[in-house]
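Student: Just need the structure, nothing else, for what follows:
(one chain, ligands or ions: 1)
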Amino acid sequence: MELDVSYFSRLVVQPVIVVSTISPNGVSNAAPISFNAPVTTGPVPLYGFCCETEHDTWRNISENGEFVVNMVGKEFAPMMNELAADLPYEVSEIAHCGLTEEKASTVSPPRIAEAYGWIECKMREHVKLSERAVWIIGEVTAVAAKDDAFDENLKIERANPLHLVTAGGYIADMRKITKT
Ligand SMILES: Cc1cc2nc3c(=O)[nH]c(=O)nc-3n(C[C@H](O)[C@H](O)[C@H](O)COP(=O)(O)O)c2cc1C
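Tutor: Reported below is the predicted structural model:
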């Protein structure tokens, strides 16, 4: 069947990450992001994502260039709407969701302890896509994973990486869509 071009993302199973940032006053912020991708592993490792310019995430990154890509599992699915809540600037979604902040090793924004992995980044480039959105490319400065979620490769059955089926729901098990 032929589909409208606006449906393109419905053909893609998108990994959901949670990006944490920090304000100049040191207050953390978190936002779920599905338009994201590893860009390249070398010579400089890069990770990219699309962010609306009105988001606190972009406000913080445009101030200090730093962010953490928190790799999250299926236990984050019920939290997605709360994590994406439009809270006032400098009210942290991390605290709002009862999640735990952990110090990152190379950047100021915190890691979210409940994630199964963390990719710390410093912005290297950004491309303005429209009045509304920017593609942010970060240089990866540190990477870590929970011991039980990684053994040379990601242990899928332990990490249960969360994915989004656009307009459908969330999946961590490729056979099952969970509506939230
Ligand atoms: C599953 C999911 C995926 C999302 N993906 C994106 C995305 O790729 N880019 C984006 O700008 N916003 C995305 N959002 C919306 C933001 O997370 C949401 O607007 C959030 O409030 C922005 O937070 P901030 O203002 O604290 O940065 C997504 C939300 C959800 C629930």
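
Student: contact partners of the lowest-mean-pLDDT helix or strand in the chain?
Tutor: Counting by mean pLDDT, DSSP states H and E, the chain has its least confident helix or strand at strand 176-178, which shows a mean of 73. With contacts defined as C-beta atoms under 8 Å, 6 or more residues apart in numbering, strand 176-178 is touched by 74, 77, 165, 168-172. Where you see a C-beta, it was placed from the backbone N, CA and C, and this is true even at glycine.

Student: wait, which of the residues you listed is closest to the ligand?
Tutor: Y170 (7.3 Å; C-beta to the nearest ligand atom).

Student: For that closest one, which residues are in contact?
Tutor: Y170 sits in contact with 16, 74, 77, 80, 162-164, 177-178, 180, where contact means C-beta under 8 Å, 6+ apart.

Student: ok, and which of those residues reach the ligand?
Tutor: 16, 80, 164 (C-beta under 6 Å from any ligand atom).

Student: Could you pick out the longest helix of this structure?
Tutor: Using DSSP state H to assign secondary structure, the helix with the most residues in the chain is helix 56-64.

Student: Please export the C-alpha coordinates of that helix as PDB.
Tutor: Output of helix 56-64 as PDB, limited to C-alpha atoms (Å, rounded to 0.1, in the frame of the first residue of the first chain):
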ATOM      1  CA  ASP A  56      14.200  23.100  28.100                       C
ATOM      2  CA  THR A  57      16.600  20.500  26.700                       C
ATOM      3  CA  TRP A  58      17.700  22.800  23.900                       C
ATOM      4  CA  ARG A  59      17.800  25.800  26.200                       C
ATOM      5  CA  ASN A  60      20.200  24.000  28.500                       C
ATOM      6  CA  ILE A  61      22.400  22.500  25.700                       C
ATOM      7  CA  SER A  62      22.600  25.800  23.900                       C
ATOM      8  CA  GLU A  63      24.000  27.200  27.200                       C
ATOM      9  CA  ASN A  64      26.600  24.600  28.100                       C
END
